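Enquirer: just need the structure, nothing else, for what follows:
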Amino acid sequence: MSTILYIATAIGVFIATQTNGDWKIIRHALQDKAFTSIAVSDGVIIAGTTDGIWRSSDKGKSWHASNDRLSIRHVRWIAGSSHIPLTFLIGTEPAGIFISNDGGKTWSSKPEIGRFRDMNGWYLPYSPKAGCIRGFALAKPENHRGRMYAAVEVGGVLISDDRGKTWKLAEGSDGKPDFSRELGTMVHPDVHSITVHPSSPDLVTAATGGGLYRSADGGRSWQSIYECYIRAVWVDPADARHLVAGPADGVSRNGRIEESYDGGQTWQIAADGMPPAPWARQMVERFVQTDNDLFAILSSGELWLRHLDDSKWQRVLSDINKVKAVAAVK
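Expert: Residues are numbered from 1 along each chain as shown. Predicted coordinates for the structure are as follows:
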């Protein structure tokens, strides 16, 4: 069965297929629009821009704007639920969360996010906007009432235990965007992305501006497992001690890919097939897994692929530049 890859870029949405290892671009849509994110759930594609959402229900053949009740139009990230059909979450700038349970036709805002944002003074170091939501992690509903996590830049970690209907700050995240203090068992407040492990809704890993953090108790307490600047981490669904990370020394400075098999105690360079690391002016923005393939999106807009049973990376779809996000389906 071939893989279909939906690719959000600064020059539209590309759709590519892979058959027997060969990739082919089959469609380039909305070429005049710059996309930030993309997700797929139950045959519906949702793609985000800085001015709203575009939706397709026919595999990307046709698209239309779908912004009903989306009161903040700058979309930073979209997550589609693999557990709850036709459910999508949107994270925005300034920080807001919107959820759809009808395949992105209508959106419901979560007003508590605005209260947290304003009360704590969330911000962005590169924008006048009041913070942003730039990542989600969704646990299996049967494990714990539909738990979800959200990554806030700069503000910490949010948690929902009712499938995204209501949100609160995780106990180990006080919402204060203050770097100059002793964090103790709290997570660093500059959170770029977050993952939850399929073995437990309590096992969470957060990539932050102050390093890689892990919680084994649902965000109540956190441990730093790698001190660095990092935006992306992949955690092996079969073994939570196996991680692939994209650390750097600063924003797009001396970026690299490293791998750990012992839960972050030791790391080794894992960039075989790529230009020699560290990379002076780029870093990994996102990791995305589909079956046995792990994609890495670099800040340069390049897309790389590694088979999980192989250590070597390969550049894929090199004709496509300015990649921001990908979503893959079989």
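Enquirer: mean confidence (pLDDT) on stretch 286-298, please.
Expert: For stretch 286-298, mean pLDDT rounds to 96.
Enquirer: okay, how far is it across it, tip to tip?
Expert: Using C-alpha to C-alpha, to the nearest Å, one end of stretch 286-298 lies 7 Å from the other.
Enquirer: again with stretch 63-79
Expert: End-to-end distance for stretch 63-79, by C-alpha to C-alpha: 18 Å.
Enquirer: flag every buried residue along that stretch.
Expert: Buried positions in stretch 63-79, judged by neighbour count with 16 or more other C-beta atoms under 10 Å: 63, 66-67, 70, 72, 74-79. Every C-beta, even on glycine, is put in place using the N, C-alpha and C of the backbone.
Enquirer: ranges for the helices of this protein?
Expert: Secondary structure of the chain (DSSP state H): helices located at 111-120, 141-144.
Enquirer: adding pLDDT and distance to residue 252, write the buried residues of stretch 63-79 out as JSON lines.
Expert: Output for the buried residues of stretch 63-79, formatted as JSON lines (pLDDT from 0 to 100; distance: C-beta to C-beta, whole Å):
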{"residue": "63", "pLDDT": "98", "distance to residue 252": "31"}
{"residue": "66", "pLDDT": "98", "distance to residue 252": "32"}
{"residue": "67", "pLDDT": "98", "distance to residue 252": "31"}
{"residue": "70", "pLDDT": "98", "distance to residue 252": "30"}
{"residue": "72", "pLDDT": "98", "distance to residue 252": "26"}
{"residue": "74", "pLDDT": "98", "distance to residue 252": "21"}
{"residue": "75", "pLDDT": "98", "distance to residue 252": "22"}
{"residue": "76", "pLDDT": "98", "distance to residue 252": "18"}
{"residue": "77", "pLDDT": "98", "distance to residue 252": "19"}
{"residue": "78", "pLDDT": "98", "distance to residue 252": "23"}
{"residue": "79", "pLDDT": "98", "distance to residue 252": "24"}
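Enquirer: what bridges to residue 48?
Expert: residue 37, residue 53 (DSSP bridges).
Enquirer: surely it and residue 8 touch.
Expert: Yes. Applying C-beta atoms under 8 Å as the test, residue 48 and residue 8 come out as touching, 7.5 Å apart.
Enquirer: report the set of residues contacting both of these two.
Expert: When contacts are counted by C-beta atoms under 8 Å, 6 or more residues apart in numbering, residue 48 and residue 8 have 35-38 as shared neighbours.
Enquirer: ok, which pair from the residues you listed is furthest apart?
Expert: 36 and 38 (8.6 Å; C-beta to C-beta).
Enquirer: picking up where we left off before, and the shared contacts of residue 48 and residue 8, which of them are buried?
Expert: 35-38.
Enquirer: what's the closest of those residues to residue 93?
Expert: Nearest to residue 93 among those: residue 36, at 9.2 Å, using C-beta to C-beta.
Enquirer: excluding its backbone neighbours, what's nearest the closest one?
Expert: Closest residue in space to residue 36, ignoring its immediate chain neighbours: residue 48 at 5.1 Å, by C-beta to C-beta, 6 or more residues apart in numbering.
Enquirer: go on, residue 291?
Expert: Closest to residue 291 by C-beta to C-beta, 6+ apart is residue 330, at 6.8 Å.
Enquirer: count the residues that sit near residue 119.
Expert: Residues near residue 119, counting by other C-beta atoms under 10 Å, number 10.
Enquirer: tell me the centre residue of the protein?
Expert: Geometric centre of the chain, nearest residue: residue 135, 4.4 Å, by C-alpha atoms, centre = their mean.
Enquirer: and it, what does it touch?
Expert: Neighbouring residues of residue 135 by C-beta under 8 Å, 6+ apart: 77, 79, 91, 150-151, 191-194.
Enquirer: could you rerun that using 10 Å?
Expert: Contact partners of residue 135, counting by C-beta atoms under 10 Å, 6 or more residues apart in numbering, are 76-77, 79, 91, 149-153, 157, 191-195, 206-207, 231-232, 286.
Enquirer: was I right to think residue 307 contacts residue 292?
Expert: Yes. Judged on C-beta atoms under 10 Å, residue 307 makes contact with residue 292 at a distance of 5.7 Å.
Enquirer: ok, these two, which is more surrounded?
Expert: Counted by other C-beta under 10 Å, residue 307 and residue 292 do not tie: residue 307 has more neighbours, with 14 against 10.
Enquirer: that one pairs with what?
Expert: Assigned bridge partners for residue 307, using DSSP bridges, are residue 293.
Enquirer: okay, and the common contacts of residue 36 and residue 38?
Expert: Both residue 36 and residue 38 are contacted by 8-9, 47-48, 77-78, 324-325, under the criterion C-beta under 10 Å, 6+ apart.
Enquirer: by neighbour count, which of these wins?
Expert: In terms of neighbours by other C-beta under 10 Å, those top out with residue 47 at 32 neighbours.
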